[in-house]
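In: Coordinates for the following, if possible.
(chains A, B, C and D)
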Number of protein chains: 2
Amino acid sequence: MNSQELKKAGLKITLPRMKVLQVLEKSTPHHLSAEDVYKILMEEGNDVALATVYRVLTQFEEAGLIRRHNFEGGHAVFEMEQGEHHDHLVCVKCRQVTEFMDEGIEERQIEIAKNADFVITDHSLTIYGICHRCRDNVFKQD
Amino acid sequence: MNSQELKKAGLKITLPRMKVLQVLEKSTPHHLSAEDVYKILMEEGNDVALATVYRVLTQFEEAGLIRRHNFEGGHAVFEMEQGEHHDHLVCVKCRQVTEFMDEGIEERQIEIAKNADFVITDHSLTIYGICHRCRDNVFKQD
DNA sequence: GTCCGTGCAAAGGATTTGCATAATC
DNA sequence: GATTATGCAAATCCTTTGCACGGAC
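Out: Below is the predicted model:
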């Protein structure tokens, strides 16, 4: 139930918040921009102002319910917090995002930060490239 | 001589381009935003329009002379292309950027992309945190 | 009923663009 | 002298904010 998560986060249960949360959960592990969320809500007939989507997403991020990523290319994308950290493979053609996690890399990062006398607050590793589907379909439009 | 680099990149030698290039080279390996470059030029008495700075930076990036990074927090930063790849430690307090490079991590990334049947075009690893100076100076303003 | 949340429209910051002028080759 | 670059201002994109109204508790 979504209302549980909202309450736990100290946020009042409102329709816009419930709806935005549903959209994000439904599309896990996809990565949606504020605009994406807004469009999906519109298509579903749930009229929520874009400004509200932004506000709600920001609140969710502060509450630790979701995560914001600033990949290259302008707009931020959001995904449900999945408990465990992971990194991303982003296809520069179709924009599809795949997740991965590598213990070795994680350990090395901690090591590097320690050596630099640096307290890690966050880290993001993103590999940009062309996914196998886009490579196979060079002549088609995805 | 900067004009060499510009010519090699197929760009006409103009004052704004020379000046922007000088600023970037002078501050290597610092990371400057378009606004930063603009302000430095202004302080030096070199009046270049902000729009021109953006245009020139974009051209330099396309020519492979410089590199653009979109760290978290809004605006892009640029640095001279230094031939060899490296990653970044970004202090979330003072915004200072430190560079590092780890062979083990690089190899793991290639491995991961291979397993995902993904052709790497680029990759960026950024560790966000608090540098030792900011940690020591918690009560002062940097 | 009080307080917080929402919608709307306007503001905001970073970056881009159209157009006339000015510079390079 | 032809073509490309620049300056300026306006436009654009993504995101945030002020304010009056509506809804949650």
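
In: Around DNA strand C, which positions in chain A sit nearby?
Out: By Cβ under 7 Å from any atom of the strand, the part of chain A that sits against DNA strand C consists of A:11-12, A:14-17, A:47-49, A:51-52, A:55-56. For the C-beta atoms, the positions are set from N, CA and C on the backbone; glycine is no exception.

In: Let's see the strand ranked longest in chain A as PDB, backbone CA atoms only.
Out: Longest strand in chain A by number of residues (criterion: DSSP state E): strand A:119-130. Output in PDB follows, covering the C-alpha atoms of strand A:119-130 (Å, rounded to 0.1, in the frame of the first residue of the first chain):
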ATOM      1  CA  VAL A 119      34.000  11.400   3.000                       C
ATOM      2  CA  ILE A 120      31.700   9.900   0.400                       C
ATOM      3  CA  THR A 121      28.100  11.100   0.400                       C
ATOM      4  CA  ASP A 122      27.200   9.600  -2.900                       C
ATOM      5  CA  HIS A 123      28.700   8.200  -6.100                       C
ATOM      6  CA  SER A 124      27.600   7.600  -9.500                       C
ATOM      7  CA  LEU A 125      29.100   5.500 -12.300                       C
ATOM      8  CA  THR A 126      27.400   5.600 -15.600                       C
ATOM      9  CA  ILE A 127      28.600   3.800 -18.700                       C
ATOM     10  CA  TYR A 128      27.300   5.400 -21.900                       C
ATOM     11  CA  GLY A 129      27.100   3.400 -25.100                       C
ATOM     12  CA  ILE A 130      25.000   1.600 -27.600                       C
END
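
In: where in chain A is pLDDT low?
Out: A:1, A:73, A:138-142 (pLDDT under 70).

In: what are the ranges of the helices in chain A?
Out: A:2-8, A:15-26, A:34-43, A:50-62, A:103-115, A:132-136 (DSSP state H).

In: Any idea which of those gets closest to chain B?
Out: Evaluated with Cβ to the nearest Cβ, these place helix A:132-136 nearest to chain B, the distance being 3.9 Å.

In: what about the closest one, distance to the chain center?
Out: Chain-centre distance of helix A:132-136: 23 Å, with Cα atoms, centre = their mean, to the nearest Å.

In: Stretch A:18-31 now?
Out: 10 Å.

In: With DNA strand D in mind, check whether it reaches it.
Out: No. Stretch A:18-31 lies apart from DNA strand D when judged by Cβ under 7 Å from any atom of the strand; the minimum separation is 9.3 Å.

In: which two from the residues of chain A next to DNA strand C end up farthest apart in space?
Out: Maximum pairwise distance among those (Cβ to Cβ): 20.3 Å, between A:11 and A:47.

In: more neighbours, the two?
Out: residue A:11 (18 against 10; other Cβ atoms under 10 Å in any protein chain shown).

In: What separation do you get for the more buried one and residue B:13?
Out: Residue A:11 is 58 Å from residue B:13, where distance means Cβ to Cβ, to the nearest Å.

In: for residue A:27, same thing?
Out: Separation of residue A:27 from residue B:13 (Cβ to Cβ): 51 Å.

In: between these two, who's got more neighbours?
Out: Counted by other Cβ under 10 Å, residue A:27 and residue B:13 do not tie: residue A:27 has more neighbours, with 16 against 12.

In: Please report the distance of that one from residue A:79.
Out: 8 Å.

In: how many other residues sit next to residue A:31?
Out: Residue A:31 has 23 neighbouring residues, counting by other Cβ under 10 Å.

In: what does chain A put close to chain B?
Out: Proximity of chain A to chain B is confined to A:70-73, A:89, A:91-92, A:98, A:100, A:102, A:104-105, A:108-109, A:112-113, A:116-132, A:135 under the rule Cβ under 8 Å from any Cβ of the partner chain.
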